[in-house]
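Undergrad: structural data only, the sequence is not supplied:
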Ligand SMILES: [Zn+2]
């Protein structure tokens, strides 16, 4: 972590020195290269996942969606692998098979960026205003499908425009099987990935996308990301400002236990781009009409800016 932070020292100072508003006047601030992001395709991919039904581990919808995601990645990536393992759910005692999907773009040695989202959906709508719904699975349009949709569209872009750095897109399973009050029962797939990763795998930057489809998109700097990967947060927010994307706010608001935390614990400087101000979180109302293609595109363009304009390495 420390070494990687030092890599970022110059980027951080540059970002602080330039500020976020005056950048267009500075000749040294080159224009960011951002390939086209197809917002409508991303939104259709969000709808497609929801149409399978809740992607709850152990159900046919989960298995069918996994096959769809694997086939979709295989059309664009150089390598796609399944990482499967058995997991016992804290809340129910049931053991289910979980599968992370790991895809790589560019296989030669060199610096790599990790992009991630969770593809499972929560079996329990335990925040639903109607308590009768608390044991029903959520549709997970925003919570789950939105991040995956953006990354599937980015996979298409990566195939058409080979990036200047290697990129790995990982879809984590079992993010949302956790019990209230037991933070370590969340992010099962990311925990397994972090525990089993090769010591040689050390992406210099990671971005997790979660709940980024909200029509009313408001992304604050997530507290664990600021605490453990501040240079990545600064880089991403600086790029968002330079692209004129107003849904990225400079303040912090929420501290979230999510798939980035196990990665941070093993030294991967991974931030969480998340809009946690979403009234339909863990309810049956988390449906595609609460999301928009424009929101997916705003986040997608910021991530593409990072990939195609990486900090000097
Ligand atoms: Zn969730």
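TA: Yep, that arrived. Only a predicted model underlies this, so the values are computations on that prediction, with no experimental measurement involved. Numbers count the residues shown, from 1 in each chain.
Undergrad: now for residue 280, how many residues are close by?
TA: Neighbours of residue 280 under the rule other C-beta atoms under 10 Å: 21. To be clear about C-beta, it is placed using only N, CA and C from the backbone, and glycine gets the same treatment.
Undergrad: also residue 129?
TA: 10.
Undergrad: OK, contacts around it?
TA: Listed by C-beta atoms under 8 Å, 6 or more residues apart in numbering, the contact set of residue 129 reads residue 283.
Undergrad: and it, how far from the ion?
TA: Residue 129 is 17 Å from the ion, where distance means C-beta to the ion, to the nearest Å.
Undergrad: residue ranges with poor pLDDT in this protein?
TA: For the chain, applying pLDDT under 70 flags the ranges 1-29, 313.
Undergrad: how about the contacts made by the closest residue to the ion within the stretch 151-300 of the chain?
TA: Residue nearest to the ion within the stretch 151-300 of the chain: residue 176 (4.2 Å; C-beta to the ion). By C-beta under 8 Å, 6+ apart, the contact set of residue 176 is 118, 120, 121, 122, 123, 140, 143, 144, 186.
Undergrad: which two among those residues are spaced furthest apart?
TA: The span of the contacts of residue 176, defined through C-beta to C-beta, is set by 140 and 186 at 14.6 Å.
Undergrad: returning to that earlier point: between the contacts of residue 176, which is closest to the ion?
TA: residue 143 (4.1 Å).
Undergrad: out of the contacts of residue 176, which touch the ion?
TA: residue 143 (C-beta under 5 Å from the ion).
Undergrad: tell me which of residue 140 and residue 186 has more neighbours.
TA: The neighbour count for residue 140 versus residue 186, taken as other C-beta under 10 Å, is higher for residue 140 (28 against 23).
Undergrad: for residue 284, see how far away the more buried one is.
TA: 10 Å (C-beta to C-beta, to the nearest Å).
Undergrad: got it, and residue 41?
TA: 27 Å.
Undergrad: close enough to count as contact, residue 141 and residue 287?
TA: Yes - with contacts counted by C-beta atoms under 8 Å, residue 141 reaches residue 287, the gap being 5.1 Å.
Undergrad: out of these two, which sits in the busier spot?
TA: residue 141 (25 against 16).
Undergrad: can you tell me the closest non-neighbouring residue to the more buried one?
TA: residue 288 (4.6 Å; C-beta to C-beta, 6 or more residues apart in numbering).
Undergrad: the ion contacts on the stretch 151-300 of the chain?
TA: So the stretch 151-300 of the chain meets the ion at residue 176 (C-beta under 5 Å from the ion).
Undergrad: tell me the contacts of the residue nearest the centre of the chain?
TA: In the chain, the residue lying closest to the centroid (C-alpha atoms, centre = their mean) is residue 209, at 2.1 Å. Neighbouring residues of residue 209 by C-beta under 8 Å, 6+ apart: 115, 116, 117, 146, 147, 150, 151, 273, 274, 299, 303.
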